[in-house]
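Visitor: here is the input, now give the coordinates:
(one chain, ligands or ions: 1)
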Amino acid sequence: MAAKSPPQIVVVEDAPALAQAAARRLIERVSGKDHAAVALTGGSSPQRLYRLLAEEPWRSKVPWDRVHWFVGDDRFVPENDPLSNMGAARRLFLDRVGAPPRNIHPIATDTNYPEGAARLYEDDLKAFYGADRLDPTRPLFDLVLMGLGDDGHTASLFPNSPALEETHRWVLGIGRAGMAPFVPRVTLTFPALASTREMLFLVDGADKRAILSRVLSGEDLPARRAHADGDLVWLVDRAAAPEG
Ligand code: 6PG
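Guide: So this is what the prediction gives:
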């Protein structure tokens, strides 16, 4: 693994261009590997990308049999709930392209409580990885998609949450979300999210400009604490990009 390079900021014209740039990066990261792993993010930012992946010319460029799909976090709701991140990914592309069910790894949000789901997901990740300890030279993921909340959260790691300080667990239950939707969550921790060849933040729209400026200027917000063993890339459109 190359030495950790500083975060890159890539500015593209608009949301459609951002989705296409993200699709190109995803395809690059999952191609040529016997089995690749992508951690999906939730919310609205990735939805244009997810739709693209189900359509040509992108669909036939993804080696669907060899890519495993995880989520970086999910809301603790049934998968058929509109709030479900994995449910949205299935609706927007995974079900549309016929991704092999064995390659789709949802968080078990039908368990009794978030922490139980977190422990099950941590077991799933460790079984997939083949070890209980993450090796920075052998990342768990090839690509981790991340979003940016208006309060500076990412995944379901919210400001002032003790989850921000976790250094051992790979997945935690979050009883109280710091922002809507105010449902319990299950989230990967920073060490697990960091175990990736590329961490790609998707940030578009003028309403993200203020929070993105605060993160990029170094304010201690959860998204600023995100790090990657590989490349960390902020893919932003012109409307969200800080001025100047
Ligand atoms: C979630 C996401 C969360 C999201 C941000 C941005 O489960 O909600 O993982 O971290 O990326 O809240 O959401 P939008 O893309 O909808 O602005």
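
Visitor: which positions in this protein make contact with the ligand?
Guide: Where the chain comes near the ligand, counting by C-beta under 6 Å from any ligand atom, the residues are 41-45, 73, 85, 147-149, 153-156. To be clear about C-beta, it is placed using only N, CA and C from the backbone, and glycine gets the same treatment.

Visitor: what about 8 Å?
Guide: Residues of the chain lying close to the ligand by C-beta under 8 Å from any ligand atom are 41-46, 72-75, 85, 146-150, 153-157, 179, 181, 185, 187, 202, 205, 208.

Visitor: got the contact list for the one residue in the chain that gets nearest to the ligand?
Guide: Of all residues in the chain, residue 147 sits closest to the ligand, at 2.0 Å by C-beta to the nearest ligand atom. Applying C-beta atoms under 8 Å, 6 or more residues apart in numbering, we find residue 147 in contact with 41, 42, 43, 45, 46, 154, 201, 202, 203.

Visitor: could you do residue 52 as well?
Guide: 19, 20, 23, 58.

Visitor: between the residues you listed, which is closest to residue 66?
Guide: residue 58 (16.0 Å; C-beta to C-beta).

Visitor: Produce a ChimeraX select command limited to the buried residues of the residues of the chain next to the ligand.
Guide: Burial among those is assessed by 16 or more other C-beta atoms under 10 Å; the matching ChimeraX selection reads:
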select :41,42,45,46,72,73,74,75,85,146,147,148,149,153,154,155,156,157,185,187,202,205,208
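
Visitor: burial measure for residue 68, as a count.
Guide: Neighbourhood size, residue 68 [other C-beta atoms under 10 Å]: 19.

Visitor: ok, it - contacts?
Guide: 35, 36, 37, 38, 103, 104, 105, 128.

Visitor: pLDDT weak spots in the chain?
Guide: Within the chain, the set of residues satisfying pLDDT under 70 comprises 1-4, 244.

Visitor: how does it look with 50?
Guide: Across the chain, the ranges flagged by pLDDT under 50 are 1.

Visitor: where along it do the strands fall?
Guide: 8-12, 36-40, 67-71, 73-75, 143-146, 171-174, 185-188, 198-203, 231-237 (DSSP state E).

Visitor: please state the offset of the first one from the chain centre?
Guide: Taking C-alpha atoms, centre = their mean, to the nearest Å, one finds strand 8-12 lying 18 Å from the centre of the chain it belongs to.

Visitor: that one pairs with which strands?
Guide: Here strand 8-12 is paired, per DSSP bridges, with strand 231-237 (parallel).

Visitor: repeat that for the fifth one.
Guide: With DSSP bridges as the test, strand 143-146 is paired with strand 36-40 (parallel), strand 198-203 (parallel).

Visitor: so which of those is the most surrounded?
Guide: strand 198-203 (a mean of 25; mean count of other C-beta atoms under 10 Å).
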